[in-house]
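Asker: let's see this in three dimensions:
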Amino acid sequence: MIQRAKIHITGAVQGVGFRPFIFLLAEKYRLKGFVYNSSLGVFIEAEGERKKLDAFIREIEINKPERSFITGMEISFLDAIGFVEFEIRESKEDKEKSVLILPDIAVCKDCLKEMYDPKDRRYRYPFINCTNCGPRYSIIESLPYDRANTSMKIFEMCEECKKEYINPLNRRFHAQPIACPDCGPHLELYDNKMNKIGERDNCVEAVAKFIREGKIIALKGLGGFQLIVDARNNDAVKLLRKRKHRDEKPFALMFSSIESIEKVCYLSDLERRLLKSPEAPIVLLRRKDDITCLAETVAPENPYLGIMLPYTPLHHLLLHELKFPVVATSGNISEEPMCISNEEAFEKLKSVADFFLTHNRPILRQVDDSLVRIINDKEMVLRRARGYAPLPINIQSNNQKERHILAVGGHLKNTIALQLDENIFVSQYIGDLSSEEAYKAFLKVIDDFKALYETENPELVCDMHPEYLSVKYVKEHADKFKTVQHHFAHIASCKAENQIKGETLGVSWDGTGFGLDNSIWGGEFFVSDENTFSHVGRFLQFPLPGGSLAIKEARRAALGVLYILYGTKALDNDELYNLGFNENELDLIMKMLHNQINSPLTSSVGRLFDAVSAILGISFSSSFEGQSAMKLEFIVDSNEAGKYPFDINIDNEINVDWRPLIESILSDKKKGVSPKVIAAKFHNTLSFIILEIAKIIAIPKVVLSGGCFQNVYLTEKTIELLTENNFKVYTHQRIPPNDGGISLGQIVARNIKYVKNWERLKAATKSF
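Answerer: Here you go, the predicted model:
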């Protein structure tokens, strides 16, 4: 008996060859019917014998296209209506939008093979793509994902491309960015006076020549401009730093092959797989000793290198021509978003770049390179953008159809998030909202999300900090909104990503966040479940003389710590910890501390890292966020198993007293103990503090979140200790542990109520 199967598939099912896959599968089982795209997903109706329909449905789930994933599959069996063939129908646009937008995907092997084939009509074509690769998120204007709704609509397909585009058996069937040298985008080369000096294929060879000469190139890539320079040329790299106003922050590097990377870095199997994955992120890799083939200034005093492989056809052509690594950093002035239009790049980068390699395919939104590192044999995304955004986190909602919520994230490493039913879409990395241009980019991403999903008046959620620009945006746009405490948002983010149910102990450590008591938090412990959360502990607070100045000057955090220990006598042993202040500066700062002027209190573990880094003479100040703490991590002697003493007191909450820890560090320094050993013992102590709190609270599940857990040694040591003591530990994977994950946490935590967990603290007091 012939039946009709009606199938609705949701998920990442557009732009991945899903319809031709269904067409071929229907042909295989001799089914009749149709398939089409909609902004709600893929719809299929297929008629045939029931056993063939069942096999057809099973194979959809098992053998779906590699880059797709299915979040829902609704199936009903109906009476046959007599289809005569199986066809791919035109896409439909529905009122409600729920289909997932795929991230931009690295060029595939099949396209590369064609690009290097002199007999192929796309030989050396820098915009080659197919259904399995190429731009997606950076070019889409609206849903559904069809060419007319992308920035490729300005290019009319030639007859050859049309044949491929409409042929269900072709790899480029409905590949929306499909193009060739006759009908698609092309390259143009300019000097920094905006004079055109080349176009099309000869541009790559010319740019390679300029790079060899030490010139700086602004290259229009997939999601914005990059600044490219010879990574071997120290003078060229130093010049780029000077022009870009980027003193010491490491530059990302692009290598032509895995083999060339292995010459300078150690590679695990997982790191190798990540580099070659369709996401193609920058991967932080441990560098080998005595590297001579790279400029010293690409990553000063840093044992790690951020490295990626070419991910667009243009990058492949350029690296193939050069045969040496290049710096490939964001095309912007520091603290601003990367440029995406030719006009913007010419205006903002004319004093940075010597030449501009551009093209005429519009980029609709900034999508920076993603940054990933391996911690405890797992992928941890530190910057989530190209290759990852805007894929959603799926949650279980009790009231799915009324959930349109927009969270605006924090101030640093900003992202936004939008919940639609069971999916929370987290945006690409936007950056620090410290400049007018960054704030404009923030507004544009919000407008993008609202337009793509036709969400006009979502419920708004933000941080508690009254001075964050993201918070001010919410206050300007809504009378009613919800706020979520910064550090609990970190915990909620990690719990959502790992789909954790039940009660957990959350450890939230970072540099700065606005606390429930209006002080600066950053060393916090929470107990939470699906309905409530409690702040159950924190580190002993200390002052930050100069307020925000102390975030950039680690030595100010050190003085705050020393003042808590010794009061006005803090400088009696200043020969032991000379922090580089002159006498007038010291006198002024000590008066600030004594009179409690512009010296806000903090419990921040991030600032405690800074203080120890300064006390040991490792770093007195930071030219980029977290630099002093990173330098302390980098010198750790991993063979050192010792730890320092600390005290834990319980009154209304748990208080971690770090004073014995700092006194012991000063004692070791006075004895001449190596800073590498002291740094290791400091890290070990922090891990033991977490273990001790976990034992006191006695909840089996422990969640680690916040920027401090980007630290490989701290995180792996903590996981090791907790696991050995039968705790289950959860860390971030695809959502950053830093403030890039705050927006997700804000949505998840917006209805979770704060309570004072007296029973838990009473039990802890008794056990303690």
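Asker: pretty sure residue 598 belongs to a helix, no?
Answerer: No: using DSSP: H, G, I helix; E, B strand; the rest coil, the assignment for residue 598 is coil, not a helix.
Asker: how far away is residue 365 from residue 359?
Answerer: 16 Å (CB to CB, to the nearest Å). C-beta coordinates here come from the backbone N, C-alpha and C atoms, glycine included.
Asker: try residue 333
Answerer: Taking CB to CB, one finds residue 333 at 22 Å from residue 359.
Asker: again with residue 337
Answerer: Counting by CB to CB, the gap from residue 337 to residue 359 is 19 Å.
Asker: so between the two, which is more surrounded?
Answerer: Legend: neighbour count by other CB atoms under 10 Å for residue 337 and residue 359, higher for residue 337 (26 against 20).
Asker: ramachandran angles for the more buried one?
Answerer: Dihedral pair for residue 337: phi -70, psi 160, per degrees, to the nearest 10.
Asker: now it: closest residue in space, sequence neighbours ignored.
Answerer: residue 441 (4.1 Å; CB to CB, 6 or more residues apart in numbering).
Asker: for the one you found, helix, strand, or coil?
Answerer: Under three-state DSSP, residue 441 comes out as helix.
Asker: residue ranges of each domain in the protein, please.
Answerer: 2-88, 101-185, 187-371, 390-483, 499-697+751-767 (automatic domain parsing).
Asker: where's residue 4, which helix or strand?
Answerer: strand 2-12 (DSSP states H and E).
Asker: enumerate the positions of that strand that are buried.
Answerer: 2, 4, 5, 7, 9, 10, 11, 12 (16 or more other CB atoms under 10 Å).
Asker: which residue ranges form the strands in the stretch 451-600 of the chain?
Answerer: 459-462, 482-483, 504-514, 520-528, 532-539, 542-543 (DSSP state E, counting those that start in this stretch).
Asker: can I get the ones you listed in TSV with distance to residue 115?
Answerer: What follows is those, written out as TSV (distance: least, CB to CB, whole Å):
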stretch	distance to residue 115
strand 459-462	45
strand 482-483	50
strand 504-514	44
strand 520-528	49
strand 532-539	53
strand 542-543	58
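Asker: dump these to JSON lines, plus mean neighbour count, distance to residue 19 and mean pLDDT.
Answerer: Listed next are these as JSON lines, based on neighbours: other CB atoms under 10 Å; distance: least, CB to CB, whole Å; pLDDT from 0 to 100:
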{"stretch": "strand 459-462", "mean neighbour count": "23", "distance to residue 19": "35", "mean pLDDT": "97"}
{"stretch": "strand 482-483", "mean neighbour count": "18", "distance to residue 19": "40", "mean pLDDT": "97"}
{"stretch": "strand 504-514", "mean neighbour count": "27", "distance to residue 19": "42", "mean pLDDT": "96"}
{"stretch": "strand 520-528", "mean neighbour count": "26", "distance to residue 19": "43", "mean pLDDT": "97"}
{"stretch": "strand 532-539", "mean neighbour count": "23", "distance to residue 19": "45", "mean pLDDT": "96"}
{"stretch": "strand 542-543", "mean neighbour count": "25", "distance to residue 19": "61", "mean pLDDT": "98"}
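Asker: the bottom helix or strand of this protein by mean pLDDT?
Answerer: The least trusted helix or strand in the chain, going by mean pLDDT, DSSP states H and E, turns out to be helix 758-767, with a mean of 63.
Asker: follow-up on the earlier one: so which of the strands of the stretch 451-600 of the chain comes closest to residue 274?
Answerer: With CB to CB as the criterion, residue 274 lies closest to strand 504-514 of the strands of the stretch 451-600 of the chain, at 25.0 Å.
Asker: next, the angle strand 520-528 makes with the closest one.
Answerer: Strand 504-514 runs at 160 degrees relative to strand 520-528, counting by axes from the mean of the first three to the mean of the last three CA atoms, to 10 degrees.
Asker: who does strand 504-514 touch, helix- and strand-wise?
Answerer: For strand 504-514, the elements it packs on are helix 486-497, strand 520-528, helix 605-615, helix 675-697, strand 701-705, judged by 3 or more CB pairs under 8 Å, 6 or more residues apart in numbering; DSSP states H and E.
Asker: mind listing what it pairs with, with the direction of each?
Answerer: strand 520-528 (antiparallel), strand 701-705 (parallel) (DSSP bridges).
Asker: quick one: contacts for the residue nearest to residue 295 when sequence neighbours are not counted?
Answerer: Counting by CB to CB, 6+ apart, residue 295 lies nearest to residue 234, which is 4.0 Å off, once chain neighbours are set aside. Contacts for residue 234 (CB atoms under 8 Å, 6 or more residues apart in numbering) come out as 295, 296, 297.
Asker: and the residue lying closest to the last one once chain neighbours are set aside, how far from residue 372?
Answerer: Looking back up the chat, that one is residue 297. Using CB to CB, 6+ apart and skipping residues adjacent in sequence, the residue nearest residue 297 is residue 237, 4.5 Å away. For residue 237, the distance to residue 372 equals 23 Å [CB to CB].
Asker: which one of these two is surrounded by more residues?
Answerer: Counted by other CB under 10 Å, residue 237 and residue 372 do not tie: residue 372 has more neighbours, with 27 against 23.
Asker: quick one: residues contacting that one.
Answerer: By CB under 8 Å, 6+ apart, the neighbours of residue 372 are 274, 281, 282, 283, 284, 379, 380, 381, 382.
Asker: the host helix or strand of it: how far from the chain's middle?
Answerer: Following DSSP H and E, one finds residue 372 within strand 371-375. From the chain centre to the centre of strand 371-375 is a distance of 10 Å (CA atoms, centre = their mean, to the nearest Å).
Asker: right, I'll call it a day here.
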